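Participant: Fold the following for me, if possible:
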Amino acid sequence: MTTSIPDQRGRVAVVTGANSGLGLITATELARAGAHVVLAVRNTAAGEAAARAIGGDVEVRELDLASLASVRAFAAKLAADHPTVDLLINNAGVVLLGQRRTTADGFELHLGTNFLGHFALTGLLLDNLAARVVNLSSVTHKNAHVNFDDLMSEGGYRASRAYGVSKLATTVFGLELDRRLRAAGSPVVSVLAHPGLTRTNLTPRAWEDRGRFGRVLAGAGLLVTQSVERGAQPQLHAATAPALRGGQFFGPSGFLELRGRIAEVRPSKEAADPAVGRRLWLAAEHLTGVSYL
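Facilitator: Here you go, the predicted structure:
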């Protein structure tokens, strides 16, 4: 598959984390195709610089996914200003090293930002959504496991493992969202994408705390990774390709899905388990206070 973006004129697209990396490329290509693009960013100065670089019909709005108060404020203002949102691309993410850190609401920072913030945002905007939600997964989700007895990674913390769990949770969320949208008869479609191993500012940090072997992989990453422009293609395809089915998942077609042309890929067995989906959804509703579907 290759990504050929249809005309997006008249559509409103929200891209979280749009000031750098995959989000910046995604926002740029959507604006180039004619969409009105909302750059949802934590750092508005960086967002304004990105908007100037992108050009086209874009606006910058502050969104800190590590704060439920910020998520609620962003969603309320966006919904008032844009009654219809065609695309919501849950792209933003953090990869940290070192000691365990928490969000403003006390959640482990990877889970709180990468998953719970986007879970709440999607629910708060659901009545305004008209077409598609894209959640950004990672190949790391395939080696992760959700421990419901320790969702916040308080025991035996390792940053790379917590990141993998957050991406597994995001994948579970995207698939469970699809099930619930279908059951509700909603016209909104939930799809997923992952970028493979892509040269962004997050890539080395995803491996560096995995010991000597991980540091070697991080150093060798430049040899095996693909460009950020190539890495953004699966999520652009998921966001704009016509006639997609809910629950479809796109990533690179090459060895271990690390790089290559766009292909439909499979989630891990745990990610696709409806029982895991139901349990994680209930946990997310309880933790965020946002209930929907």
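Participant: looking at it, Ala144 is touching Ala162, isn't it?
Facilitator: No. Contact criterion CB atoms under 8 Å: Ala144 and Ala162 do not qualify, at 9.2 Å. To be clear about C-beta, it is placed using only N, CA and C from the backbone, and glycine gets the same treatment.
Participant: Heading C-terminal from the helix-or-strand element of the chain with minimal mean pLDDT, find the next helix or strand.
Facilitator: Least confident element among the helices and strands of the chain, by mean pLDDT, DSSP states H and E: helix 211-224 (a mean of 51). Where DSSP states H and E defines the elements, the next helix or strand beyond helix 211-224 is helix 228-231.
Participant: Mean confidence (pLDDT) on that following helix, please.
Facilitator: In this model, helix 228-231 has an average pLDDT of 93.
Participant: in it, what counts as buried?
Facilitator: Neighbour counts using 16 or more other CB atoms under 10 Å place 228, 230-231 of helix 228-231 among the buried residues.
Participant: Tabulate the CA atom coordinates of that helix in PDB.
Facilitator: Taking C-alpha atoms only, helix 228-231 is exported to PDB below (Å, rounded to 0.1, in the frame of the first residue of the first chain):
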ATOM      1  CA  VAL A 228      10.000  10.200  10.100                       C
ATOM      2  CA  GLU A 229       8.300  11.000   6.800                       C
ATOM      3  CA  ARG A 230       8.100   7.300   6.000                       C
ATOM      4  CA  GLY A 231       7.100   6.500   9.600                       C
END
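Participant: Outside of the helix or strand following that helix itself, list whatever touches it.
Facilitator: Moving toward the C-terminus from helix 228-231, the next helix or strand (DSSP H and E) is helix 233-240. Helix 233-240 is contacted from outside by 1-3, 5-6, 8, 13, 22, 25-26, 29-30, 33, 87, 89, 91, 132, 134, 136, 191-196, 244, 248, 250-252, 262, using CB atoms under 8 Å, 6 or more residues apart in numbering.
Participant: and if we set it to 6 Å?
Facilitator: With contacts defined as CB atoms under 6 Å, 6 or more residues apart in numbering, helix 233-240 is touched by 3, 5-6, 26, 29, 87, 89, 134, 136, 191, 193, 250-251, 262.
Participant: Report the buried members of the residues you listed.
Facilitator: Counted by 16+ other CB under 10 Å, these give 3, 5, 26, 29, 87, 89, 134, 136, 191, 193, 250-251, 262 as buried.
Participant: Give me the below-cutoff pLDDT ranges for the stretch 51-200 of the chain.
Facilitator: Residues of the stretch 51-200 of the chain meeting the criterion pLDDT under 70: 199-200.
Participant: now for the helix or strand that contains Ala79, which elements pack on it?
Facilitator: Using DSSP H and E, Ala79 sits within helix 68-81. Using 3 or more CB pairs under 6 Å, 6 or more residues apart in numbering; DSSP states H and E as the contact test, the elements touching helix 68-81 are helix 117-125.
Participant: Return the distance of the helix it packs on from the chain's centre.
Facilitator: Helix 117-125 has its C-alpha centroid displaced from the chain centroid by 12 Å (CA atoms, centre = their mean, to the nearest Å).
Participant: Report whether Ala263 is found in a strand, as I expect.
Facilitator: Yes. Under DSSP: H, G, I helix; E, B strand; the rest coil, Ala263 falls within a strand.
Participant: who's in contact with it?
Facilitator: Ser253 are the contacts of Ala263 under CB under 6 Å, 6+ apart.
Participant: Quick check: Arg180 vs Gly247, distance?
Facilitator: 11 Å (CB to CB, to the nearest Å).
Participant: Give me the more crowded residue out of the two.
Facilitator: Legend: neighbour count by other CB atoms under 10 Å for Arg180 and Gly247, higher for Gly247 (19 against 16).
Participant: wait, is the more buried one part of a helix?
Facilitator: No. Counting by three-state DSSP, Gly247 falls outside a helix, being coil.
Participant: so what's it up against?
Facilitator: By CB under 6 Å, 6+ apart, the neighbours of Gly247 are 175, 178.
Participant: quick one: it from Tyr292, how far?
Facilitator: 18 Å.
Participant: quick one on the thing from earlier: pull out the buried residues from the helix holding Ala79.
Facilitator: 68, 70-72, 74-75, 78-79.
Participant: what does that helix rub up against?
Facilitator: Outside helix 68-81, the residues that reach it (CB under 6 Å, 6+ apart) are 63-64, 105, 117, 120-121, 124-125, 128.
Participant: before we move on, the earlier item: tell me which entries of the contacts of helix 233-240 lie within helices.
Facilitator: 26, 29 (DSSP state H).
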